[in-house]
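In: this one's sequence-less:
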């Protein structure tokens with residue numbers, strides 16, 4: 001397939017190198033229609049252009065096509081980016097938020113678009129990051145939980161989304177894990193069973209989920225296996241039998 005014939009601009013018209021301000025670059029091979037071209041509607045081809053010619057990115061921060069602006073923001077000098085925080089397109093605002101200093105992007109923590117708030121949350125620290133636990137979007141809260149100091153994670157233990165609580169259980173200080181041992185979601189309890197001090201795993205002997213009981217039976221000290229001897233599942237009973245036999249050996 002001839003990539004040059006497939007080259008269309010963001011308006012769906014064939015790309016014309018002759019009318020391009022970078023036509024001289026095309027003549028000496030520094031850009032190539034259908035492969036490395038800032039006028040192409042395909043983001044990958046535009047990105048290749050900026051990778052090779054980052055010094056030109058600032059010229060495209062006000063381009064009418066939002067994908068060009070977003071890609072230009074990825075490569076342009078950071079000092080040229082503040083105006084993009086007010087760009088009408090969320091992808092452009094998000095890119096600016098990823099690159100500008102955290103204190104400059106903090107006001108976007110209330111941006112109406114989740115993509116922007118996700119980008120901002122990946123930059124914030126301290127109380128500003130803690131405040132993102134109250135965001136309406138679960139993924140924003142998830143990013144916050146991944147980045148917060150573990151000592152602050154108890155504030156998210158009751159999050160309405162199980163996936164957020166799973167990340168809390170993965171990072172929570174071990175001393176507080178017991179507080180999540182009876183979470184309503186089995187996968188959260190499984191995270192707890194994988195990290196909780198082995199001597200405390202007997203509390204999972206009556207857990208309704210096989211995966212949780214199995215993990216507990218695998219990790220609990222041998223003297224605690226008595227709690228799992230009569231488990232209703234043969235896999236758990238076999239695990240108990242195997243571990244007891246290994247101890248006798």
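Out: On my side now, so go ahead. None of these values were measured; they are calculated from a predicted model.
In: Name the residues of stretch 222-238 that come out as buried.
Out: For stretch 222-238, burial by neighbour count (16 or more other Cβ atoms under 10 Å) applies to 224-225, 227-228, 231, 236. Using the backbone N, CA and C atoms, a C-beta is placed for each residue, glycine as well.
In: Would you tell me which one of these comes nearest to residue 76?
Out: residue 236 (58.8 Å; Cβ to Cβ).
In: Need the contact partners of the helix or strand harbouring the closest one.
Out: Assigned by DSSP states H and E, residue 236 belongs to helix 234-248. Outside helix 234-248, the residues that touch it by Cβ atoms under 8 Å, 6 or more residues apart in numbering are 210, 213-214, 217-218, 222, 225, 228-231.
In: about what we covered before: go through the buried residues of stretch 222-238 and name the one nearest residue 60.
Out: residue 236 (61.6 Å).
In: Quickly list what residue 8 is bridged to.
Out: residue 14 (DSSP bridges).
In: Surely it touches residue 39?
Out: No: counting by Cβ atoms under 8 Å, residue 8 sits too far from residue 39 to count as a contact (9.3 Å).
In: Please identify which of those two sits among more neighbours.
Out: Between residue 8 and residue 39, counting by other Cβ atoms under 10 Å, residue 39 is the more crowded of the two (24 against 15).
In: Now do the spatially most central residue of the chain, the pLDDT please.
Out: Computing the C-alpha centroid of the chain and ranking residues by Cα atoms, centre = their mean puts residue 143 first, at 6.2 Å. On pLDDT, residue 143 comes in at 98.
In: residues contacting it?
Out: By Cβ under 8 Å, 6+ apart, the neighbours of residue 143 are 118, 121-122, 132.
In: quick one: buried residues of the helix or strand hosting it?
Out: Applying DSSP H and E as the criterion places residue 143 in helix 138-147. Buried residues in helix 138-147, counted by 16+ other Cβ under 10 Å: 139-145.
In: Also stretch 168-176?
Out: For stretch 168-176, the neighbour count (16+ other Cβ under 10 Å) marks 168-172 as buried.
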